[in-house]
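Peer 1: what follows is a predicted protein model with its sequence.
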Amino acid sequence: MTRFLAEMQTTIVLAGLRAFDGDLDRFVVFTLIARQSSSTPIDGMDVAADPPESRAISINSLAASLSRPFETVRRHVNALIAQEVVARTPSGVVALASGLQRPEMIEMSMTAHDAFVRLVEDLQRFDLPMPPQRNTSAYHPAVGVRAAADIMLAVADNNRGLHQEWINLVLYSTILCANTRSYTYDPVLARRYADQFAVPPDSLRRPLRVSALARTLRLPYATVQRRAEKLVADGRVEKVRGGLRVSEEWLNLPTSVTVSTISYQNIRRILAAATAAGFPIASPEQAYLRGRPAPSVIHERP
């Protein structure tokens with residue numbers, strides 16, 4: 001499950017970076033504001049009215065939820081207000097309907113939606129228990145977008161003790177995607193190495209260079225190098241010939257396994273809520289807006 005989650009997160013993060021000109025922090029801040037506002041920019045969705053003030057979130061709450069300094073979050077909120085995608089209210093900030101209907105926001109949300117559907121397909125393919133289908137209401141794509149945001153935020157919150165900041169989790173997940181790409185979607189190899197104790201050989205675990213990681217995430221090389229060095233020092237990542245590789249030993253530590261278990265439980269809860277809202281859990285492929293997304297592109301070369 002960890003590999004599929006990493007693929008989903010990397011796909012959505014890259015879409016968010018495209019929408020916010022490579023600014024990861026701003027994308028993260030916006031995601032939490034939009035989710036608190038219960039707003040989802042899907043083409044054709046009726047978002048003519050801005051959310052009520054009761055759906056606002058304060059900058060203090062944003063900073064605490066994201067484990068980011070207050071001044072950093074305030075600066076990003078002010079930039080989002082200047083971009084007219086969020087607005088300030090007496091109770092905090094909310095996402096604006098007009099901003100959510102911009103082409104780049106719709107594109108980002110459609111990508112997030114289909115990445116969520118792909119995750120459900122992948123989990124089903126490995127026979128992981130799914131909630132029962134409930135034909136209580138017709139499915140609307142906004143349900144999938146909210147589920148994608150909820151999973152992203154829940155996983156970030158679950159991993160706070162391990163990775164401290166979202167950017168560290170994003171770096172780790174992208175490295176994991178690159179390392180495991182040769183067998184994540186291989187029907188034979190994926191099952192062979194599905195168990196946490198079945199460690200793939202080094203020949204299948206492709207290292208990722210710091211320069212490629214920085215290019216992929218559109219982050220400054222110095223920033224990525226500094227944080228990668230900390231990941232190595234903490235034992236989360238190994239520095240090997242050819243680049244960086246996630247430590248299988250660290251991945252299988254009791255604390256890491258516990259976080260993975262909690263993440264899976266939260267995903268099941270989010271899936272149950274989405275299914276109750278009409279998501280076709282028995283045949284998720286019917287929910288795609290544009291079809292199954294290809295794996296995220298890892299920019300190995302400039």
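Peer 2: Perfect, I can see it now. Residues are numbered from 1 along each chain as shown.

Peer 1: how about the strands in the stretch 151-300 of the chain?
Peer 2: 237-240, 243-246 (DSSP state E, counting those that start in this stretch).

Peer 1: packing partners for the first one?
Peer 2: Using 3 or more Cβ pairs under 8 Å, 6 or more residues apart in numbering; DSSP states H and E, the elements in contact with strand 237-240 are helix 221-233, strand 243-246. All C-beta atoms are positioned from the backbone trio N, CA, C, and that covers glycine.

Peer 1: adjacent strands (with direction) for it?
Peer 2: Take DSSP bridges as the rule and strand 237-240 pairs in its sheet with strand 243-246 (antiparallel).

Peer 1: for the helices and strands packed on strand 237-240, which one ends up most surrounded?
Peer 2: Highest mean neighbour count among the helices and strands packed on strand 237-240 (mean count of other Cβ atoms under 10 Å): strand 243-246, with a mean of 23.

Peer 1: for it, the distance to its chain's centre please.
Peer 2: 20 Å (Cα atoms, centre = their mean, to the nearest Å).

Peer 1: stretch 214-226 too?
Peer 2: Counting by Cα atoms, centre = their mean, stretch 214-226 comes out at 18 Å from the chain centroid.

Peer 1: identify all contacting residues around it.
Peer 2: Applying Cβ atoms under 8 Å, 6 or more residues apart in numbering, the contact partners of stretch 214-226 are 13-14, 17, 22, 24, 170-171, 174, 210-211, 213, 296-299, 302.

Peer 1: for those residues, pick the one with the most neighbours.
Peer 2: Leu171 (29 neighbours; other Cβ atoms under 10 Å).

Peer 1: quick revisit: between the helices and strands packed on strand 237-240, which one is nearest to Ala95?
Peer 2: Ala95 lies closest to helix 221-233 among those, at 27.4 Å (Cβ to Cβ).

Peer 1: roughly how far is the closest one from the heart of the chain?
Peer 2: Relative to where its chain is centred, helix 221-233 has its mean C-alpha point 20 Å off (Cα atoms, centre = their mean).

Peer 1: over to stretch 16-30?
Peer 2: That offset, for stretch 16-30, works out to 12 Å (Cα atoms, centre = their mean).

Peer 1: so for that stretch, what gets flagged as buried?
Peer 2: Going by neighbour count (16 or more other Cβ atoms under 10 Å), the buried part of stretch 16-30 is Gly16, Leu17, Ala19, Phe20, Asp23, Leu24, Asp25, Arg26, Phe27, Val28, Val29, Phe30.

Peer 1: now the end-to-end length of that stretch.
Peer 2: 10 Å (Cα to Cα, to the nearest Å).
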